[in-house]
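Asks: My questions concern the predicted model and sequence given below.
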Number of protein chains: 2
Amino acid sequence: MEFKEAKNKFVQTWGALGSQWGINKTMAQIHALLMVSNEPVSMEDIMEELQISRGNASMNLRALMDWGIVYKEYKAGERREFFTAEKDLDELAVKIARERSKREIKPALKILKEVSSIEAKESSEEEKHFVDQTSKLYDFVLKADNMLDKMTEFNENWLGRLVLKIMK
Amino acid sequence: MEFKEAKNKFVQTWGALGSQWGINKTMAQIHALLMVSNEPVSMEDIMEELQISRGNASMNLRALMDWGIVYKEYKAGERREFFTAEKDLDELAVKIARERSKREIKPALKILKEVSSIEAKESSEEEKHFVDQTSKLYDFVLKADNMLDKMTEFNENWLGRLVLKIMK
DNA sequence: ATAAAGTTTCATTTATTTTTGAAAGTTTAA
DNA sequence: TTAAACTTTCAAAAATAAATGAAACTTTAT
């Protein structure tokens, strides 16, 4: 396998993986492309390499920057904007975890709290079970979310350190 | 908020959360419904509650069973089949982690290994960076995947125990 | 064996998500 | 200030994913 083929395979794979985890394919592909580029890439080049439209490139780059995992760069004497990806994997994982927590887990927790707090006085077995189960779910998700927070506080190389701890 | 409303809200929320993580909405909704039901539910009832077709119900129940998080049950003297969800949350998380690892992470690792192993002899800076970055990614994903494995070996209440370890 | 009760499958339809492309908006240099 | 170079926005189109429903299939009781 030669370089170009390998690069393409990587970009496609990362894109597919993204889809399966609820991140749109192009967004994941752009990220993949930037991750393996040793220098900043222009929007033009991204469009060219991925065969996508200007609008698509623009919107997904914006989304990646909102996630905090892609940065805009300016080159001296160049009018165009260039883009780079966060390349430190620990940092990348932390940022993704933070964003998903903020956007998805936190709102879900709020709902779980609400629904698990219904007045369970006129309680059939059915209602009791509902309150019990959603409360447990709330506790579980909260615990998992807090764990993520803790991990992100670990800073440098938290994954390696965590593995050590677990292996103990 | 009364029971019926809370239940509906929970099912909707779980469904939306599923979508965001690459699990189809109905599949997540059926799972939610079964999670909070204190007794086995027939396909008929699932169709009724979620307002979905027989085919849809059948296929998503099958998928949930393939994931190992929903079980078929038979009631004495009843011709129909009934369904229940795995209700132990530790067990649920372990099963979901195992399946996603098997279906998505493992194949991705295989590709990462391939593309990071290209002959980097005629190596431009560009190629060197590609090999370096994909190798790091391989190591990272492998480590994370192994950690999941370890966690699932913890068995009972692994999340709680893990939190303790991390807090240390 | 057969028919009733129930389940699964899958080609087609429907809904959702993503992408395009052209117009509007910005920025910069002269 | 203007016009060239570049970016963003968003309504409409295209692509993708999910749902329907009717026919085929299975199981069970008689």
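Replies: Ah, there it is.

Asks: Tell me who's in contact with A:W67.
Replies: A:K95, A:I96, A:E99 (CB atoms under 8 Å, 6 or more residues apart in numbering or on different chains). No exception for glycine: its C-beta is placed from N, CA and C like everyone else's.

Asks: got it, and A:T134?
Replies: Counting by CB under 8 Å, 6+ apart, A:T134 touches A:L112, A:V115, A:S116, B:A6, B:F10, B:V36.

Asks: pLDDT at the first one, what is it?
Replies: Spelled out, it's A:L112. Looking at A:L112, its pLDDT reads 97.

Asks: repeat for the third one
Replies: Reading off the per-residue confidence, A:S116 sits at a pLDDT of 95.

Asks: Just give me the residue closest to the centre of chain A.
Replies: A:I96 (3.3 Å; CA atoms, centre = their mean).

Asks: How about the helix or strand containing that residue and DNA strand C, touching?
Replies: Assigned by DSSP states H and E, A:I96 falls within helix A:89-100. No - if you take CB under 7 Å from any atom of the strand as the test, helix A:89-100 misses DNA strand C, and the best it gets is 14.9 Å.

Asks: Distance from the chain centre to that helix, please.
Replies: Centroid displacement of helix A:89-100 relative to its chain, using CA atoms, centre = their mean, to the nearest Å, is 6 Å.

Asks: all strands for chain A, in order.
Replies: Taking DSSP state E as the criterion, chain A contains strands spanning A:41-42, A:70-74, A:81-85.

Asks: per-residue pLDDT, the closest residue to A:V70 other than its chain neighbours?
Replies: Closest residue to A:V70 apart from its sequence neighbours, by CB to CB, 6 or more residues apart in numbering or on different chains: A:L64 at 3.7 Å. At A:L64, the pLDDT value in this model is 97.

Asks: what's A:L64 in contact with, if anything?
Replies: With contact taken as CB under 8 Å, 6+ apart, A:L64 is in contact with A:M27, A:I30, A:H31, A:V70, A:A85.

Asks: what about A:G68, distance to DNA strand C?
Replies: Separation of A:G68 from DNA strand C (CB to the nearest atom of the strand, to the nearest Å) stands at 19 Å.

Asks: Looking at chain A, which residue is nearest DNA strand C?
Replies: Using CB to the nearest atom of the strand, the point where chain A gets nearest to DNA strand C is A:G55, with a distance of 1.9 Å.

Asks: count of residues packed around that residue?
Replies: 9 (other CB atoms under 10 Å in any protein chain shown).

Asks: Could you tell me which residues of chain A lie near DNA strand C?
Replies: A:24-27, A:51-56, A:59-60, A:79.

Asks: which residues does the residue nearest to the centre of chain A contact?
Replies: A:W67, A:I69.

Asks: pLDDT value on it, please?
Replies: 93.

Asks: With the one 10 residues further on instead?
Replies: pLDDT, the model's per-residue confidence, is 95 for A:K106.

Asks: thinking it is in contact with A:N146, fair?
Replies: No - the criterion here is CB atoms under 8 Å, and A:K106 misses it with A:N146 at 11.5 Å.

Asks: count of residues packed around A:W14?
Replies: 24.

Asks: show me what contacts it?
Replies: Counted by CB under 8 Å, 6+ apart, A:W14 has contacts A:A28, A:Q29, A:H31, A:A32, A:M35.

Asks: Save the residues you listed as CSV, and put in distance to chain B too.
Replies: Shown next, in CSV, are these (distance: CB to the nearest CB, whole Å):
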residue, distance to chain B
A:A28, 12
A:Q29, 14
A:H31, 12
A:A32, 10
A:M35, 6
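
Asks: JSON lines for those residues, including neighbour count?
Replies: Listed next are these as JSON lines, based on neighbours: other CB atoms under 10 Å in any protein chain shown:
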{"residue": "A:A28", "neighbour count": "23"}
{"residue": "A:Q29", "neighbour count": "23"}
{"residue": "A:H31", "neighbour count": "25"}
{"residue": "A:A32", "neighbour count": "23"}
{"residue": "A:M35", "neighbour count": "24"}
